[in-house]
Structures are given as C-alpha cells and as structure tokens.
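**Student:** Whatever this is, show me its structure:
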Amino acid sequence: MLSTVNLTQRYGKRVLFDKINMTMDVGKRYGLIGANGAGKSTFMKILAGELESSDGEVQLQPGLKLGMLSQNQYAFEDFTLTDAVLYGNKKLYDAQKEKEKLYMEGDFESDEVNNRLGELEMICADEDPTYESDVKIEKLLQSLGFPAEQHGELMSSLTGGDKFKILLAQVLFLKPDVLLLDEPTNNLDMDTIAWLEQELKRHEGTLMVISHDRHFLNGVVTHILDLDFQNIREFTGNYDEWYIAANLIAKQAEADRSKALKEKEELEGFIRRFSANASKAKQATSRQKQLDKLDVQAIKLSSRRDPSIMFKPHRDIGNEVLEAENLSKSYDGESVFENVSFKVNAGDKIALIGGNGVGKTTLLKILMEEISPDTGNMKWGQTITYSYFPQNTTDLVVGDEELPQWIQGFDVKWHIDDIRKTLGRMLFSGEEQKKKIDACSGGEKHRVMLSKMMMD
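**Tutor:** Next comes the predicted model:
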C-alpha cells in the first residue's frame with residue numbers, strides 16, 4: 001500500500017534516518033514513536049509529499065488517497081466551518097464551488113457552460129457517489145462539539161483548540177486510504193479524544209499516528225514503529241506491549257555489549273602479552289583475527305535518555321499558595337466563567353479540566369497575571385514564585401540565539417554555567433546547546449521551556 005525504499009534524510013552532517021525500507025499494510029494502525037528530534041514529523045511529512053527526502057523514495061499504490069492532518073490552524077480563516085471540512089476533499093470542494101458559481105451566473109444557454117456543468121457533476125458523483133457529503137460533514141462537526149447553528153460561522157471566530165478540531169474533521173472527511181496524523185490529540189478535550197479513538201479504530205485503510213499520549217496509543221494502534229538509531233523497527237502490539245519488548249531487547253543488548261567488551265579486553269591482553277613470544281605467535285595471530293571480527297560498536301543500545309526535571313524552591317514556602325475569589329471573565333459581552341473561587345495549599349497537585357473554549361487557558365493567564373479578570377481578585381502567598389508552561393510554547397520559543405543565551409534573556413542574573421547544567425539535565429549535550437532556537441523541533445522547544453522554568 002505505502003512503502004519506502006532506502007529513505008534517507010540528512011541536514012548537513014546530521015543524519016535523521018538512513019536507508020529505511022518498510023511497507024505499511026492495509027488494516028494496520030501504526031504508532032510512530034521516538035525521541036524528540038529523532039525525525040518523526042520529518043518522516044511523516046516525507047511520506048505525505050510535503051518534504052523532499054535526501055535520498056530514496058516513497059511508493060504509494062496507484063489510485064489510493066493519502067491524507068495528512070494539517071498543522072496550520074490559520075489557513076482557513078475566511079472559510080465557514082462546513083467549507084473548511086469540505087476542503088478536505090479538494091477535488092470535491094473545487095467542483096462544488098465552481099458549480100455554485102456557474103449556477104449563480106445563470107448562463108444556461110451557453111453550450112460551454114452546460115458542458116462544464118456536466119463535467120462537474122461527474123466529478124461530484126465520483127467523489128461523493130451517495131451525495132451525502134453535507135450529512136457527513138454535519139455529523140462530523142456535531143461529533144466534535146459544534147452545534148448546527150455554528151456550522152455557517154467563519155473559522156476566524158474559533159479558538160485555537162476548536163480550529164484544530166476542524167482540521168481533524170477535514171482529514172477524516174476525506175476518508176483516505178492512508179491516514180497520517182501528527183499529534184492529533186493536541187488541543188483536544190478528553191471527550192473528543194475518546195471519540196477520536198473510536199473513529200480511528202473504525203478506519204478501514206492504513207493509519208500512522210505520532211503521539212506522546214501513551215493511553216491514546218494503547219487504545220488505537222496495532223503496531224509500533226520505533227525510530228531509533230537512524231532506523232525504524234516494527235513491533236506488533238500497542239505501546240505498553242512495545243515497552244515491555246523494548247526493555248527486554250535493551251537488557252539483552254546491554255548484556256551482549258558487556259560480554260563483547262570483556263572478550264575484547266581478554267583478546268587485547270593476550271595479544272599484548274604473547275605477540276612477541278615465538279611459541280605463542282600463532283595463537284596471538286589467531287586472537288588478532290578474532291579481535292578484528294569483534295564489532296562492539298554494532299551492538300547498539302537505545303539512544304533514548306531520561307531527562308532530570310527538578311523544580312527546587314529557592315526557600316521554604318508557607319501553607320498558603322494561592323487564593324482566588326469571585327473571578328469572572330467575558331469577551332465581547334459573552335461570559336467565559338463567573339464567580340470562580342478556590343484555594344491552593346502547599347503540596348496540592350491540581351488538574352484543570354474542561355471542554356475546549358470553557359476558559360481553562362484564560363483562567364491560567366489570569367493567575368499568571370498576563371490578563372486581568374473582569375471581577376474578583378487573586379493573591380499569591382508571600383513566599384511563592386511561580387512559572388508557567390503555556391499552551392503555545394512552540395510559537396513562543398523563537399529566535400536566532402543559542403539555547404543558553406535565549407534562556408539568559410529572561411534574567412541576566414542567571415549564571416550561564418547554571419543554565420548549561422539545567423539544559424544538560426534536559427538532554428541537551430554541549431554541542432546541542434549551540435543549536436539556534438529556531439532550529440529546534442517542537443519537542444526540543446518544550447524541553448528548552450522546561451529548562452527555563454527550572455531556572456525560575
């Protein structure tokens with residue numbers, strides 16, 4: 001169905017993946033996993049034809065449709081919700097819009113116009129044989145939480161999270177034979193994620209999804225594609241089953257490597273002791289041949305490493321962390337929330353949940369004093385310092401500075417050596433810290449932001 005032949009991608013001297021040969025089969029749902037910066041999104045974009053590979057090729061069986069979830073939430077600002085979803089099948093969208101235009105112009109005495117209308121009708125019939133596109137779009141939108149009266153509104157009126165839902169509906173409407181989804185659960189509330197899981201389980205073609213949501217992967221995928229050491233290994237099963245298998249493989253690799261290193265040490269010791277001994281020269285030569293065949297470097301351990309995330313208070317904190325009283329906020333006369341009151345005490349760990357657009361991010365911005373409430377007040381404890389990981393971190397972590405300099409820009413009092421140590425705990429080695437902020441992947445930008453927060 002979809003295959004890669006010697007697929008390779010490099011940026012300068014850095015190789016993301018090298019000579020990947022694989023086939024994705026019909027009916028299988030693949031989870032593509034790997035460390036931040038390993039090349040997951042790049043690999044998917046190459047499959048979708050959005051990026052050129054350095055070498056190799058992608059082969060899609062002729063006649064099959066491939067669809068990839070768009071990441072540009074602002075590409076359809078002047079579209080109604082219905083039209084934005086319809087655009088998922090661009091051939092059908094173009095035909096319907098041209099047909100509407102010709103009918104509005106009303107030049108039905110023209111043979112050219114009538115012939116063109118006939119051609120457009122054929123395209124619509126091919127793309128939508130049952131003429132149910134309107135019904136399918138309406139059902140998709142309602143399943144994603146958009147009532148019928150909202151379907152004619154413009155995309156520009158939606159929040160970022162709701163725009164992402166429309167992009168999801170767009171690619172699902174196409175019903176592609178090969179469906180590629182990069183982080184589809186981002187910006188989705190829990191009810192929508194549960195709905196999406198069921199929708200993807202019903203997908204009859206081939207699915208590849210990138211996600212850092214272990215529970216979502218467990219619920220959806222039938223196979224795991226592990227991008228590590230510039231190659232992809234396929235495992236049957238969901239994420240938890242891969243994790244068990246991968247740990248066993250890693251332990252075996254460590255044991256094999258230790259055994260090979262011990263054997264290497266023994267061979268080198270024998271050669272050193274007896275290479276000049278005439279009676280042992282033949283044995284030393286034999287040991288040298290064994291040593292030449294021993295390739296310790298071929299026994300690769302996983303390139304994954306665990307970060308060390310530590311938020312250390314600069315001083316002991318009191319029991320009163322935060323108190324909010326009667327907070328309210330509205331936009332353009334429409335209430336987001338009213339009379340919100342709560343207390344946060346030392347040691348509390350709180351999850352803020354709710355559907356898209358109910359005001360979760362707005363409330364956090366009020367607590368971070370980025371925006372003001374319409375009514376009410378809030379007070380942080382006297383011993384409290386706070387930090388914030390915003391929803392749009394990828395858009396905020398920008399610039400042409402190297403990583404340490406970007407972080408130091410928030411507070412020149414932070415010592416550059418302390419910043420480098422913090423970046424090291426977030427898996428940025430000495431050379432990687434010289435990378436420009438704008439060259440970082442989305443996951444790497446998140447690690448940079450966490451590094452900055454640990455310095456706060």
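**Student:** Flag the shaky bits of this structure, pLDDT-wise.
**Tutor:** Applying pLDDT under 70 to the chain flags the ranges 296, 298-303.
**Student:** Assumed residue 166 was part of a helix.
**Tutor:** Yes. Residue 166 forms part of a helix when assessed by DSSP: H, G, I helix; E, B strand; the rest coil.
**Student:** where along the protein do the strands fall?
**Tutor:** Per DSSP state E, the chain carries strands over the ranges 2-11, 14-24, 29-34, 55-60, 66-68, 178-182, 206-210, 223-228, 231-236, 320-331, 334-345, 375-380.
**Student:** What is the third one packed up against?
**Tutor:** In this structure, strand 29-34 packs against helix 40-47, strand 206-210, helix 214-220, strand 223-228, helix 239-274, with contacts taken as 3 or more C-beta pairs under 8 Å, 6 or more residues apart in numbering; DSSP states H and E. Where you see a C-beta, it was placed from the backbone N, CA and C, and this is true even at glycine.
**Student:** Please identify the pairing partners of it and their relative orientation?
**Tutor:** Within its sheet, strand 29-34 is paired with strand 206-210 (parallel), strand 223-228 (parallel), according to DSSP bridges.
**Student:** again, but for the shortest one
**Tutor:** Listed by DSSP bridges, the sheet partners of strand 66-68 and their directions read strand 178-182 (parallel).
**Student:** Kindly export the partner strand (C-alpha atoms) in CSV.
**Tutor:** Below are the C-alpha coordinates for strand 178-182, written out as CSV (Å, rounded to 0.1, in the frame of the first residue of the first chain):
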residue,chain,number,x,y,z
VAL,A,178,-3.6,6.1,4.1
LEU,A,179,-4.2,8.5,7.1
LEU,A,180,-1.3,10.3,8.7
LEU,A,181,-1.8,12.1,12.0
ASP,A,182,0.9,14.1,13.7
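**Student:** Buried residues of that strand, list them for me.
**Tutor:** Buried residues in strand 178-182, counted by 16 or more other C-beta atoms under 10 Å: 178-182.
**Student:** For residue 93, which of the strands of the chain is the nearest?
**Tutor:** strand 66-68 (13.5 Å; C-beta to C-beta).
**Student:** Any chance you could list what contacts the closest one?
**Tutor:** Applying C-beta atoms under 8 Å, 6 or more residues apart in numbering, the contact partners of strand 66-68 are 2, 44-45, 47-50, 60, 88, 171, 174, 176-182.
**Student:** What is the burial count for residue 199?
**Tutor:** Applying other C-beta atoms under 10 Å, we find 15 residues neighbouring residue 199.
**Student:** any idea what sits nearest it, other than its immediate chain neighbours?
**Tutor:** Leaving out its chain neighbours, the residue that sits closest to residue 199 by C-beta to C-beta, 6 or more residues apart in numbering is residue 172, at 6.5 Å.
**Student:** Using TSV, lay out the strands of the chain together with distance to residue 394.
**Tutor:** Output for the strands of the chain, formatted as TSV (distance: least, C-beta to C-beta, whole Å):
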stretch	distance to residue 394
strand 2-11	19
strand 14-24	19
strand 29-34	18
strand 55-60	26
strand 66-68	18
strand 178-182	13
strand 206-210	14
strand 223-228	20
strand 231-236	25
strand 320-331	24
strand 334-345	24
strand 375-380	27
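**Student:** closest to residue 399 out of those?
**Tutor:** strand 2-11 (19.2 Å).
**Student:** and the closest one, which residues are buried?
**Tutor:** Residues of strand 2-11 classed as buried by neighbour count (16+ other C-beta under 10 Å): 2, 4, 7-9.
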